[in-house]
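1. Attaching a predicted model along with its sequence, questions to come.
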Amino acid sequence: MFDRLSDLEDELAKLESQLSEIYAAGDQRASAEAGRRFSELQPVVEAYREHRSISVELAEARAMIAGEEDVDMREYLRVEIETKTTRMAEIDAVLKELLVPKDPNDGKNVIVEIRGAEGGEEANIWASDLLRMYERYAEIRKWKIEMLASQPSDMGGIREVSFVLRGPDAWSRLKHEGGPHRVQRVPLTESQGRIHTSAATVAVLPEAEEIDVQVDPNDLEIDVYRSTGPGGQSVNTTDSAVRITHKPTGLVVTCQDEKSQLQNKEKALRILRSRLAQIESDRQASELADTRRNQVGSGGRSEKIRTYNFKENRVTDHRIGLTLHNLDGILAGDLDEIVDELLADERRRQLEGRDN
């Protein structure tokens, strides 16, 4: 570990000497990467330097106490050795945490997409419930929310919706929400009081900045058409809706929520960049899958990541075996206990991977 820490110290020193030159060059991507790397290295190197300093002081104190005959001085040295040994153990734990690889998407805003899945109209109603849950969680965390696109269903539900959540910890706290969310309850559409099982899917994507994903305008096919909102609204009188096709991948993104064609185009491009970034991330993850599986396990998710059972007032996250009897509170945005347990599980698996 200490050979690696010495290399990181050298890397930080080299980076410090180059920072002003990198910033002066005006390359946004290079500047962002240099700043990010500096922020990662600085706390690690500071902890390493303190560890190294205490190691020297401990060696000196142990050498002194071995030949010391004065009782008071021996007691002083004994306390010093005990204190520094305790501090050394604390720094070891800090270094172990700091050396766990950071999620490159930490600090980014997120795009959340929710879709009704199995269960017909009840699945769409459940999708709208999940939307409200995340809206309330955003309020609690003081994140800003911006709706991107939505498609309502016939009975007040949502066929699909996408929105941005902006906050410094939005990605880190929501990245494990992606997957099928299953609900067990008596639907509004059920006349005989029978419990049905339905599902909605949630996708959580880091919002890609323009410097993260370069999109060649020549790769885009952009179509405009008349929005298909409720009849009689002015949104239907102009060709403001936008459909963007990314020809190399075949990805199609549509946006029609705004009256302005330009605003719809900007929103569609933001969604497209995020999806392209996710494709690249998935490609890299696939290449590293075997290595990661050996280090921290597969990290696989079952077809249902979480079940919400109304009759039992129960929410179960199947990935970590966590069950809480607080369904009403969770649907009201009280997600922190689940999120904290998921993050703790992720950290445990990362540390176990480093120890193996």
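-> Alright, I've got the coordinates. Numbers count the residues shown, from 1 in each chain.
2. low pLDDT regions in the stretch 1-150 of the chain?
-> 1-3 (pLDDT under 70).
3. That one: strands as residue ranges?
-> Under the criterion DSSP state E, counting those that start in this stretch, the stretch 1-150 of the chain carries strands at the ranges 110-116, 144-152.
4. looking at the ones you listed, which is closest to Trp171?
-> strand 110-116 (5.2 Å; Cβ to Cβ). Heads up, the C-betas are built off the backbone N, CA and C, glycines and all.
5. Report the strands that pair with that closest one, each with its relative direction.
-> Here strand 110-116 is paired, per DSSP bridges, with strand 158-166 (antiparallel), strand 196-206 (antiparallel).
6. now the helices for the stretch 1-150 of the chain?
-> Ranges of helices in the stretch 1-150 of the chain, per DSSP state H, counting those that start in this stretch, are 2-25, 28-67, 71-98, 121-141.
7. Among the ones you listed, show me which one is buried the most.
-> When those are scored by mean count of other Cβ atoms under 10 Å, the highest mean neighbour count falls to helix 121-141 (a mean of 20).
8. now for it, which elements pack on it?
-> Counting contacts by 3 or more Cβ pairs under 8 Å, 6 or more residues apart in numbering; DSSP states H and E, helix 121-141 is packed against strand 110-116, strand 144-152, strand 158-166, helix 170-174, strand 179-185, strand 196-206, helix 327-331.
9. Could I get the contacting residues of the residue lying closest to Met155 once chain neighbours are set aside?
-> Leaving aside its chain neighbours, Met155 sits nearest to Glu121 (5.2 Å; criterion: Cβ to Cβ, 6 or more residues apart in numbering). Shown in contact with Glu121 (Cβ atoms under 8 Å, 6 or more residues apart in numbering): Ser153, Asp154, Met155, Gly157, Pro187, Thr189.
10. Confirm that the second one sits in a strand.
-> Think Asp154. No - counting by DSSP: H, G, I helix; E, B strand; the rest coil, one finds Asp154 to be coil, located in no strand.
11. Got the domain ranges for the chain?
-> Per automatic domain parsing, the structural domains of the chain span 2-98, 110-207+323-355, 217-286.
12. now these as JSON lines including distance to Lys311?
-> Formatted as JSON lines, the domains of the chain follow (distance: least, Cβ to Cβ, whole Å):
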{"stretch": "domain 2-98", "distance to Lys311": "41"}
{"stretch": "domain 110-207+323-355", "distance to Lys311": "6"}
{"stretch": "domain 217-286", "distance to Lys311": "36"}
